[in-house]
Structure formats: C-alpha cells, structure tokens
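> Give the three-dimensional model of this entry:
(one chain, ligands or ions: 2)
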Amino acid sequence: MISSADKFDAPAQVEDRIDLHMHSSCSDGRAEPAAVIAAAKEKDLKAVALTDHDTVSGLAEAMAAAEALGLAFVPGIEFSCYDDAGSTHLLGYFIDPGHVKLAEYLEGARRKRVARAARMVEKLGLLGVDISLEEVNSQVSASGLIARPHVARALVEGGWVKSYREAFDRFLAAGQPAYVPTWRISPGEGIGRIHEAGGLAVLAHGGKTHSDEAIRRLVGEGLDGLEILHPEHGPDEVGRLRRLAAEQELLETGGSDWHGPLDGRRGQLRSQPVPYEWYLRLREAAVAAKGAAG
Ligand SMILES: [Zn+2]
Ligand SMILES: [Zn+2]
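Ligands and ions are numbered 1, 2, ... in the order given. This is a model prediction of the structure:
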C-alpha cells in the first residue's frame, strides 16, 4: 500500500548520486582537495561540493580538479555557529570563492582560532602536560585551521593520553580542565555571511539536534535549505526534515560528510542516495538568488 507519507521517505534506487558534503585536508579531512575530487569521480558521483570548515582555501584546487575530470562542482563551506541553544553547522553553497569580505572574515576567525589553541596549550602546561604549540601545529596540514582535534592528536603523539577520545574526555571537552570556549558566531550571522558571499545557506545534519521550532526560527533568519540525507539521519529524521522542507519551501541537500578514506567515524562516499535532481534545483536557486542580488 502506498501512503501519502511515502513521498517524504529517502529517495529510493538513486543511480545518479551526488555528494554535497565533503571535507579536505584544508579543514579536518585527510585527503588533499584534488584527491577528494578524484575519489568522488572514482565512485562515479555526478556532482560534488567541497565544504571545509570555516575556510575556502581548498576550493580553487578542487574546482580545477573537478573541471579536469568533467565533474559538476559546487563551491561550498561549512560554518560552525553557536547560540544559547547550542551548536549549528551551516553549509554555504555556490559561494563566491574569491569574495573579499568573506576572505577577510575567515582570516580574522583563523587568528582567533590560533589564539584559542595557544590558550589550550597554556592550560595544559598548568596541569603538567607539557606540549608545545609547535607540536600541535605539526598536526595541522599546510593550509589547515587549528582546532581541538589537532591538540588531541598532539596529546596522543606525545604519549600523554592513549587515545583521541581520552584527550577529549580528560582535557579538552567542555567542562574539562583544558577546555577553552570556541569563538562564536550566531546562526543568523552565519546565514548573513553566506548570503553576502552569494551563497545559499543550508542547515547541516540538524535531524537529531534541531527541533521543528528551531528550524522555523532559522528559516525566519533566511535559511534556504535542509541537509536531509546525512549518515547521522535515520528514516525518522529524513521523514521529519522532508516534511519541514515541503512546508517551509526549502531546498533539500545531502552528503556523506566524508573526511577521507581512513576516517571511519563518518560516512563513506556514495553512502547517501542523494539524487542528481537536488543538485539541479540547488544550482537553479543559486542562479536565481544571484540574479535577485543583481
Ligand atoms: Zn558538521
Ligand atoms: Zn561536515
């Protein structure tokens, strides 16, 4: 029996798959941007987006690689935002990679992140954990942004903890002695930054973290779409988000949140049945938005 709710299920039997959520070594992924694109092509994906955390530094390389392989490419970013309700990740699609104000803003954010890492190292020193900022930096790829995972890896490498997990549990997680709060931008500001750079703002993996009401609030602040398909979303999340997308007339996106072949914590390429049509709709909306902005 076909019920009316079925249209909100995950798309079935999708042959032409896309992946609109992938990370390179420019943020916390393991593969260089060109290698991310090559891996996507290898998996026969039809369109891809590179969405590194808070940086556009991998986009030029990825775009050139995609063009060489004839793969449809979406320049993207993933912004980490916070407000009193907690953390919100926003995906920005079809942003202008050379947008000067965005570049300046991201550079300011990068400096604040370095200062934060230095504070963590300082706090660890006071606890008798003697690692240096250089040791942390050696965990960051050439163009990467320093963050807690790099401090955690330096702690493992230095023999201070046995595992990455333990580094967070004992020192780096909120409430632990070497925790330093992250520098925050609100979701509303994140949406504004994405729009200003010519992009569309999509709520990333909100299925388990954002209530209907929280999502409607983001829509009020200009949100353009919802990431429907993501490794953290089961059938319940997919159904709820698709209903909300229909109700609020939002774009639908999806991706694996790929961080590299050796990263088992998150999704693998091609794991999500994201249809090529979603890419076409996203592109159409981006063209319309840029036209409207004139
Ligand atoms: Zn995320
Ligand atoms: Zn991500």
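> Every contact and neighbour count from this point should use C-alpha atoms.
Fine.
> Validate this expectation: Gln268 resides in a helix.
No - residue state for Gln268 (DSSP: H, G, I helix; E, B strand; the rest coil) corresponds to coil; a helix is not indicated.
> Need phi/psi at it.
Dihedral angles of Gln268 (phi, psi; degrees, to the nearest 10) stand at phi -100, psi 150.
> What of Leu124?
Per degrees, to the nearest 10, the backbone of Leu124 is at phi -60, psi -40.
> Give me the spatial nearest neighbour of it, chain neighbours excluded.
Spatial nearest neighbour of Leu124, chain neighbours left out: Ala178 (5.7 Å); criterion: CA to CA, 6 or more residues apart in numbering.
> any idea how far Asp83 is from Arg165?
Relative to Arg165, Asp83 is positioned 25 Å away (CA to CA, to the nearest Å).
> Between those two, tell me which one has more neighbours.
Using other CA atoms under 10 Å, the more surrounded residue of Asp83 and Arg165 is Arg165, with 16 against 12.
> Just the pLDDT at the most centrally placed residue in the chain, thanks.
The centre of the chain sits closest to Glu78, judged by CA atoms, centre = their mean, with a distance of 3.6 Å. pLDDT recorded at Glu78 is 95.
> got the buried residues for the longest strand out of those in the chain?
Taking DSSP state E as the criterion, the chain has its longest strand at strand 72-83. Of the residues in strand 72-83, Phe73, Val74, Pro75, Gly76, Ile77, Glu78, Phe79, Ser80, Cys81, Tyr82 count as buried by neighbour count, 16 or more other CA atoms under 10 Å.
> now it: how far from the chain's centre is it?
Here strand 72-83 is found 5 Å from its chain centre; the criterion is CA atoms, centre = their mean, to the nearest Å.
> same check, this time on stretch 235-254
18 Å.
> Could you do stretch 280-291 as well?
Distance, stretch centre to chain centre, for stretch 280-291: 20 Å (CA atoms, centre = their mean).
> list the contacts for Lys41?
Going by CA atoms under 8 Å, 6 or more residues apart in numbering, Lys41 touches Leu69, Leu71.
> Per-residue pLDDT of it, please?
Confidence at Lys41, expressed as pLDDT, is 97.
> Which strand or helix spans it?
Assessed by DSSP states H and E, Lys41 sits inside helix 33-42.
> relative orientation of that helix and strand 72-83 in degrees?
120 degrees (axes from the mean of the first three to the mean of the last three CA atoms, to 10 degrees).
> Show me what secondary structure element comes after helix 33-42.
On the C-terminal side of helix 33-42, the closest following helix or strand by DSSP H and E is strand 47-50.
> about what we covered before: what is the longest strand of the chain packed up against?
Packing partners of strand 72-83 (3 or more CA pairs under 8 Å, 6 or more residues apart in numbering; DSSP states H and E): strand 47-50, helix 59-69, strand 86-93, helix 187-196.
> Need the winner for burial among those.
With neighbours defined by mean count of other CA atoms under 10 Å, none of the helices and strands packed on strand 72-83 is more surrounded on average than strand 47-50, at a mean of 27.
> Parallel or antiparallel, list what pairs with that one.
strand 19-22 (parallel), strand 72-83 (parallel) (DSSP bridges).
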